[in-house]
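Novice: here is a sequence together with a model predicted from it:
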Amino acid sequence: MTYRGYTSLSSHSGPMSIRRSMPLQSSASSISGYGQRMAVSRISRVASLGSSSSSAAGIGMGGVGNQKETMQDLNDRLATYLEKVHSLETGNAKLELQIKEHLDARGPSFRDWSIYEKPLNELRKEVYDMTVDNARLILQIDNARLAADDFRVKWESELSIRQSVENDINGLRKVIDDTNIGRLHLETEIESLKEELIYIRKNHDEEVKALRSQVADSSVHVEVDSAPGPDLSKVLAEIRKEYEGVAQKNKDDAEIWYKNQMDGYKVEVKHNTDELCSAKVQVTELHRQIQSLEVELESLLSMKNSLEGTLRDTELRYEMELQTINGMIAKLEADLHQIRGDMQAQVREYEILLNIKMKLEAEIATYRRLLDGEDINTLVESTSGVTSQTIKKTIVTTQKVVDGKIVSDETVQIN
């Protein structure tokens, strides 16, 4: 919208004539391309009244004929003034009507912001609910993280216990291996002792057989006239009995020693076997606990990962929604700023029109005062003997308004 105001000032040393022409143009209103030119003359005189000093002198001298002519002339001019005042009042009424219509058409329009309150309240509620959900998810993640840390500590303690039990099991395995090696050595010694016992028995039997054969084969008949000698069969029986007793004693001692050794080894092997079984049971239980803890840890880690993914998705969704809300708020603020600019432009335009109206009303009031009570003779005498001199000044004001905003305001004075 471009607003141009033209003010033409014509002044002279006597009466002053002011002409103001004000075309109004607006591309945004219904009065597009409308131009109104208004001419207001406060006091107009003919050239002879403003420049002829002889007429004023004639009035001052008080000639009767000239005075009647002057009064007649003044009456005619007064009638002309009244007609002009009437026409100006009519034009002023039309102008006021046009100004009113223009203000009604271009007046400030107030937007109803109440329609935005409900969606804004809903968006605020959604943002609040999302914030609460986000805090709840963060709390759940923290709890899951703490639980995972506790299970990790338990798992580490169980792992250390498992390692210590495995070390004990390895030590027991070494003891079992040493025991098995000792048992093998003892079995080897027992086998060797059995073989030795069999060999001793065999030698003993062979010696007994040899002695028996010798006794049976001996057929010596000696007749000696001497005292009777010892009974060899009896001696051999005693020797046999003595050897059998020694062999039986050695056999019994070997069996007792072997039995004692075997009993000791059996007790030790049984004890080691019991310890090994209990260790195996403990290891199995620890394996089961470790597996259950690992499964629980995996489930907690998967729940943690899912919660973190949900948190990321929620944060992304909240961020997108916040961006949308911020865009809506920015758009509403831009609309509000534009509306305020339009209102300010309309207020400025209204002030300009109001100033024009006030100036017109002041001029009309001046005319009315002249018509109602002011003495024309005084006005004529005050203007007598004065040389008319006219100074014309033209002020051009240009305002450019784009989208309700004043982009430029230029004022040029032309002499």
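Specialist: Perfect, thanks for sending it. Residues are numbered from 1 along each chain as shown.

Novice: element containing Glu187?
Specialist: If you go by DSSP states H and E, Glu187 is part of helix 114-217.

Novice: what's the answer for Met303, then?
Specialist: helix 232-372.

Novice: can you tell me the average pLDDT over that helix?
Specialist: Averaging pLDDT along helix 232-372 yields 84.

Novice: and the angle from it to helix 114-217?
Specialist: 170 degrees (axes from the mean of the first three to the mean of the last three C-alpha atoms, to 10 degrees).

Novice: tell me what helix 232-372 is packed against?
Specialist: strand 2-11, helix 64-106, helix 114-217, strand 405-414 (3 or more C-beta pairs under 8 Å, 6 or more residues apart in numbering; DSSP states H and E). Where you see a C-beta, it was placed from the backbone N, CA and C, and this is true even at glycine.

Novice: start and end of stretch 101-119, how far apart?
Specialist: 36 Å (C-alpha to C-alpha, to the nearest Å).

Novice: domains of this protein?
Specialist: Split into domains by automatic domain parsing, the chain comes to 2-106+385-414, 117-214+234-329.

Novice: ranking these by mean pLDDT, which is last?
Specialist: domain 2-106+385-414 (a mean of 55).

Novice: which residues sit in contact with Lys304?
Specialist: Contacts for Lys304 (C-beta atoms under 8 Å, 6 or more residues apart in numbering) come out as 141, 144-145, 148.

Novice: turn these into TSV, including distance to Ala210.
Specialist: As requested, the contacts of Lys304 are exported to TSV (distance: C-beta to C-beta, whole Å):
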residue	distance to Ala210
Ile141	100
Ala144	95
Arg145	95
Ala148	90
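
Novice: now restrict those to buried residues only.
Specialist: 141, 144, 148 (16 or more other C-beta atoms under 10 Å).

Novice: which residues touch the second one?
Specialist: In other words, Ala144. Contacts of Ala144 (C-beta under 8 Å, 6+ apart): 300, 303-304, 307.

Novice: list just the nearest of these to Asp178.
Specialist: Leu300 (44.3 Å; C-beta to C-beta).

Novice: count the residues that sit near the closest one.
Specialist: 17 (other C-beta atoms under 10 Å).

Novice: just Lys266 next, same as before
Specialist: Lys266, neighbours per other C-beta under 10 Å, totals 11.

Novice: how much space separates it from Leu322?
Specialist: 81 Å (C-beta to C-beta, to the nearest Å).

Novice: and Gln261, how far is that from Gln291?
Specialist: From Gln261 to Gln291 the distance is 44 Å (C-beta to C-beta).

Novice: whoops, I mixed them up, Thr310
Specialist: Counting by C-beta to C-beta - Thr310 and Gln291 are separated by 28 Å.
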